[in-house]
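>>> Compute the structure for the input listed below.
(chains A and B)
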There are 2 protein chains.
Amino acid sequence: MQSHLISRRSLIKSSLIGLACSAAPAIRAAEKDDWTETYDVVIIGSGFAGLAAAYSALENGVKSVLVLEKMNVFGGNSCINGGQISLAGSGLQKSKGIKDSPKLMEEDMLRVGQRLNHPALVKAVVKESPACYDMMVKCGVKFADQVIRLGGHSAPRTIFAENYSGGGICVPMHNWLKERGVEFRNKSFCSAVLTDKDGVVRGVEVEGQYDFDKKTHKNTYKVQAVKGVIFATGGWGADNEFISASTPQYSTLESTSQKGATSESVRMLLGLGAMPVLLDIYQVGPWATPDEFGAGAASIFADYIFAEGIMVDARNGKRFVNELASRRERSEAEMKCVDQQGKPVMPFGFCSEKTTVNRPGFKASFREGTVKKFDTVEALAKFYGAPLEPLKQQIAEWNKMVAAGKDELFGRPLDRRVELKAPFYAMRFWPKLHYCMGGIGINDQAQVISTKTCKPIPRLYAAGEITGGVHGLDRLGSCSSTDCLAMGRIAGRSVAANL
Amino acid sequence: MQSHLISRRSLIKSSLIGLACSAAPAIRAAEKDDWTETYDVVIIGSGFAGLAAAYSALENGVKSVLVLEKMNVFGGNSCINGGQISLAGSGLQKSKGIKDSPKLMEEDMLRVGQRLNHPALVKAVVKESPACYDMMVKCGVKFADQVIRLGGHSAPRTIFAENYSGGGICVPMHNWLKERGVEFRNKSFCSAVLTDKDGVVRGVEVEGQYDFDKKTHKNTYKVQAVKGVIFATGGWGADNEFISASTPQYSTLESTSQKGATSESVRMLLGLGAMPVLLDIYQVGPWATPDEFGAGAASIFADYIFAEGIMVDARNGKRFVNELASRRERSEAEMKCVDQQGKPVMPFGFCSEKTTVNRPGFKASFREGTVKKFDTVEALAKFYGAPLEPLKQQIAEWNKMVAAGKDELFGRPLDRRVELKAPFYAMRFWPKLHYCMGGIGINDQAQVISTKTCKPIPRLYAAGEITGGVHGLDRLGSCSSTDCLAMGRIAGRSVAANL
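Prediction:
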């Protein structure tokens, strides 16, 4: 399988604005004795949530598990994240004598989510988090010997895969599960959920040898899922057509997700009557640039521009936001930089040479040409199409505020006082969709809730980014991994127990 | 019809937590020549949005319009609101020489909505708003001779029906339309949307002589809608079962809406594949009390308690929030007052006698017993079950802060410095659901968007509180009326034009 596991680099290269909504997926009646194959459990999606669900299903006595992945490569977005995960009470945390509690982590998640989280889901995920650590260790995942306190967390509780990549978690788990008989099938698109006349989910229809780019397939077959079907298909941030229809104000936004992050599953489940929960709430990254794929080196260096440089509106050469405001606030401010027709006039940010020294992300983004060097303010203004005099004035004003230690305009904290002077290092900014905060509604047993009955849809489960409610309106860094792994485990347990 | 128009009083009396989700409404195929009746346009719901849609359909040449209302009385929540509406450029505004612009009102709505509004919808509603004034005047609506600037609005643009009630708008419009041949039918529940094999909406199934309380009906018939069907059914704030399933953290909240504000229509449209937009975002009122129905006199007086008194946690006798924080913040703080089992321990607020003098809402709420008088702090503590000594201490601390002019604890502005001393006037608080911010996704032609195709569902339109996107995450006072009337007008025009 190693050959199928995607590299971060190759995957983010293809994460441009997604293809059009594919043909609408369907819900069809399951006809008797029409099955090509039978498994106890079918899992759609092979990232963290799918892997954890498969692990937990096996652990709870399920005999046969099929994991379907529509893409050529396994692992989805989980494989290209930073391999960090926050756990309240992991073995590693305990070994370092760190004090933490589930209650504290729950409260952190609720506060950041502005209490639009579903409390029972937060509680279930946090409670399950130490077991996620044990599971990963058992599967052979190696962790760096550190526990970090990330922004917004009240305790050090974030651990890292040894290679600082989600692949460092996906690969060992995938291999461990495969050795124990879990069937993994790539290029396999779930084209329909099959239900009986009472609405009980009985299996899925699969398009085999599926080519995501061409939207073609070689064969179609039906798989019976005796115990149930688990959707662990992730988000749809790369699906520009769906996002433009549901959230038109984001129609100009590219995504940090891999190109397979499209909406087929979420639309299929809505069609089945699944409850939408904060479905059109997204985490949007103001540190993104259109000049690299996804979130690369420049997105990392951007934080240093925000802390020591300034960001200006190319239409008038002026600052327009506190560069350290909340993600949402900065993103909204960037998106207001449009022309009369509403087309983006992307703002740019820049800093002095001093800011570039030994700063993560700088070397790579400069080498790739995403961050550019300008020897004079004239060159800077010309390249980004900003009016020269106002830009000069802005720089002079900023330097005065830096000297005084106070941002009179937007109240940005000035802990790091760095004068702006040529040569300048600059990049363009435009937000990218980073995470689908909402999705399909589930209860704390990972059962999908129906809008028709206000109760679970029998034998249908979901976990991870395709669901909504765990994070509310916004989420803490690394808690998406916690959600996927913990709720995946819960889904596996529920399906095993015939819940 | 006068006899059917509900009084504010009688309606809010029945706005307790709603009945269970009714039987799931259905989408069924339209069979040929199976129609009992035929109209050009069928409108579901008889509040502002439905009335404006009917008006506009007529104005644009539609020959026959049927308006269905499931309740015994016409007018829905529109009839029990305060009869206020904000318009950018109304004739009344112009006559007073007030400067305003659509751009300014749009920006106000986007700012308050935290830019989760759909910009094209905001633009369309604001642009249509002056025409709403002309329409109401033409129908004989009488307005008070004033234009007020409400909180959050950048200009005076809010006008009031002469009787300060939505009924002052609904009644004349209803009568005007009826005189011109619009057919209004109460106790008529739309039990299914009927589509042809291509998914084009062809009509509706109606349960006649529908009894909302008993969920019974006498007959069922099918109405063909030659040009289309408009959903103007309002919100579902009184549907506790649906809200508990989609937004469990609000399961203890009653509603300020009339009892008919339930979820049948929104669930029917979701089942038809309508796009959910901010569906589970609600406006929640921290000024509500469980001791009166809906939002009555005590809810009005509550603002004076917040400004000159304090609110304390009954569990410990202490203040727990800035009593003038945002609605959302205060509501969330109130909802945190629960016991170990998560059951509400409702906080209470109180003020001195000085605060009661000539204050709106006081007399009625005191007469009704919602606001109570306590001669001593001992009596106050005992009645609400708060510990006496901490409460005494809290009052002393507060009075010190009032004297100093600074709220050291929560930074509440202390413009009005009133010492707390017996006798006290007090009431309990628990938030109520006031408005469904989100709902069904539409475009700026009021066409319902499909999750299956990312395009409009042919011949299906929606307007008003059942839709999402106009207001974003929160809304300005009186802009719901604007939304209903303006988008209703747009829906009527679209259906007339066969869009």
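
>>> Now do the helices in chain A.
Per DSSP state H, chain A has helices spanning A:8-12, A:48-59, A:91-95, A:102-112, A:119-138, A:167-179, A:240-246, A:264-271, A:297-308, A:327-335, A:362-367, A:377-384, A:388-404, A:479-496. These are given in chain order.

>>> Write out the residues of the stretch 301-450 of chain A neighbouring chain B.
With the criterion set to CB under 8 Å from any CB of the partner chain, the stretch 301-450 of chain A comes near chain B through A:328, A:332, A:335, A:441, A:449. (C-beta placed from N, C-alpha, C; glycine too.)

>>> hang on, isn't A:I85 packed against A:A486?
No: between A:I85 and A:A486 there is no contact under CB atoms under 8 Å: 9.6 Å.

>>> Show me where the stretch 51-200 of chain A dips below the pLDDT cut-off.
Counting by pLDDT under 70, the stretch 51-200 of chain A contains no low-confidence segment.

>>> dump the residue contacts of the most centrally placed residue in chain A.
Centrality entry for chain A: nearest residue to the mean C-alpha point is A:Y435, 4.0 Å, by CA atoms, centre = their mean. By CB atoms under 8 Å, 6 or more residues apart in numbering or on different chains, the residues touching A:Y435 are A:235, A:237, A:282-283, A:465, A:475, A:480.

>>> same thing but 7 Å
With CB atoms under 7 Å, 6 or more residues apart in numbering or on different chains as the criterion, the residues that contact A:Y435 are A:235, A:282-283, A:465, A:475, A:480.

>>> List the contacts of the residue of the stretch 101-250 of chain A found nearest chain B.
Distance from chain B to each residue of the stretch 101-250 of chain A (CB to the nearest CB) is smallest for A:A245, at 3.9 Å. If you count contacts by CB under 7 Å, 6+ apart, A:A245 has them with B:275, B:449, B:454.

>>> let's see it at 8 Å
A:21, B:275, B:441, B:449, B:451, B:454-455.

>>> so A:N399 makes contact with A:V418?
No: with contact taken as CB under 8 Å, A:N399 and A:V418 are classed as non-touching, separated by 9.7 Å.

>>> May I ask you to confirm that A:N240 is in contact with A:P248?
No: with contacts counted by CB under 8 Å, A:N240 stays clear of A:P248, the gap being 11.1 Å.

>>> And the two? Which one has more around it.
The residue with more neighbours, out of A:N240 and A:P248 and counting by other CB atoms under 10 Å in any protein chain shown, is A:N240; that gives 23 against 20.

>>> residues near A:G181, how many?
Here the number of neighbours of A:G181 (other CB under 10 Å) works out to 10.

>>> just the one 4 residues further on next, same as before
A:R185: 15 surrounding residues under other CB under 10 Å.

>>> A:Q445 now?
Using other CB under 10 Å, A:Q445 is surrounded by 17 other residues.

>>> Skipping adjacent residues, who's closest to it in space?
Leaving aside its chain neighbours, A:Q445 sits nearest to A:S494 (4.6 Å; criterion: CB to CB, 6 or more residues apart in numbering or on different chains).

>>> pretty sure the one you found is touching A:L460, no?
No: using CB under 8 Å, A:S494 is not in contact with A:L460; the gap is 10.4 Å.

>>> any common contacting residues for these two?
A:228, A:447.

>>> For the residue in the stretch 301-450 of chain A positioned nearest to chain B, list the residues it contacts.
Of the residues in the stretch 301-450 of chain A, the one nearest chain B is A:E332, at a distance of 4.8 Å by CB to the nearest CB. With contacts defined as CB under 8 Å, 6+ apart, the neighbours of A:E332 are B:114-115.

>>> how about 6 Å then?
Counting by CB atoms under 6 Å, 6 or more residues apart in numbering or on different chains, A:E332 makes contact with B:R115.

>>> go on, A:P431?
Residues in contact with A:P431, defined by CB under 6 Å, 6+ apart, are A:253, A:284-286, A:288, A:331, A:334.

>>> And A:Q283, how close does it get to chain B?
Distance from A:Q283 to chain B, counting by CB to the nearest CB, to the nearest Å: 13 Å.

>>> cool, A:K63 as well?
Taking CB to the nearest CB as the measure, A:K63 falls 33 Å from chain B.

>>> So that residue is in contact with A:D40, correct?
Yes: using CB atoms under 6 Å, A:K63 is in contact with A:D40, at 5.5 Å.

>>> Between the two, which has more neighbouring residues?
A:D40 (18 against 13).

>>> how close does that one get to A:G203?
Applying CB to CB, to the nearest Å, one obtains 11 Å for the distance of A:D40 from A:G203.

>>> what do you get for A:G472?
34 Å.

>>> now A:R180
Applying CB to CB, one obtains 23 Å for the distance of A:R180 from A:G203.

>>> of these two, who's got more company?
With other CB under 10 Å as the criterion, A:R180 and A:G203 differ in neighbour count, and A:G203 comes out ahead with 26 against 11.

>>> partner residues bridging that one?
Counting by DSSP bridges, A:G203 is bridged to A:L194, A:Q224.

>>> I'd assumed A:K227 was in contact with it.
No: with contact taken as CB under 6 Å, A:G203 and A:K227 are classed as non-touching, separated by 10.8 Å.

>>> Once you drop chain neighbours, what's closest to the residue with the largest distance to the centre of chain A?
Distance from the centre of chain A peaks at A:E389, with 40.8 Å (CA atoms, centre = their mean). Computed as CB to CB, 6+ apart, the closest residue to A:E389 that is not its neighbour in sequence is A:G317, at 7.8 Å.

>>> Tell me how far that neighbour lies from A:Y304.
With CB to CB as the criterion, A:G317 and A:Y304 are 22 Å apart.

>>> ditto for A:D483
Here A:D483 is placed at a distance of 29 Å from A:Y304 (CB to CB).

>>> What are the contacting residues of stretch A:387-399?
The contact list for stretch A:387-399, computed with CB under 6 Å, 6+ apart, reads A:310, A:316-318, A:377, A:381, A:419-420.

>>> and stretch A:417-425, how far from the chain's centre?
With CA atoms, centre = their mean, to the nearest Å as the basis, stretch A:417-425 stands 33 Å off its chain's centre.

>>> Next: stretch A:120-127.
Taking CA atoms, centre = their mean, one finds stretch A:120-127 lying 19 Å from the centre of the chain it belongs to.

>>> just to revisit the earlier point, are any of the contacts of stretch A:387-399 buried, and if so which?
In terms of neighbour count (16 or more other CB atoms under 10 Å in any protein chain shown), the buried residues within the contacts of stretch A:387-399 are A:310, A:317-318, A:377, A:381, A:420.

>>> Need the contact partners of stretch A:207-220.
Outside of stretch A:207-220, the residues that reach it under the criterion CB under 6 Å, 6+ apart are A:22, A:70-71, A:187-189, A:191.

>>> 8 Å instead?
Applying CB under 8 Å, 6+ apart, the contact partners of stretch A:207-220 are A:19, A:22-23, A:70-72, A:187-189, A:191, A:205-206, A:221, A:259-260.

>>> swap in stretch A:171-185?
Contact partners of stretch A:171-185, identified using CB under 8 Å, 6+ apart, comprise A:1-2, A:5, A:39, A:46, A:51-52, A:54-55, A:58, A:64-69, A:74-75, A:136, A:138-142.

>>> cool, stretch A:157-167 as well?
So stretch A:157-167 is in contact with A:5-8, A:47-48, A:75, A:77-88, A:90, A:92-93, A:98, A:100, A:105, A:133, A:141-144, A:146-150, A:168-169, A:477-478, A:481, going by CB under 8 Å, 6+ apart.
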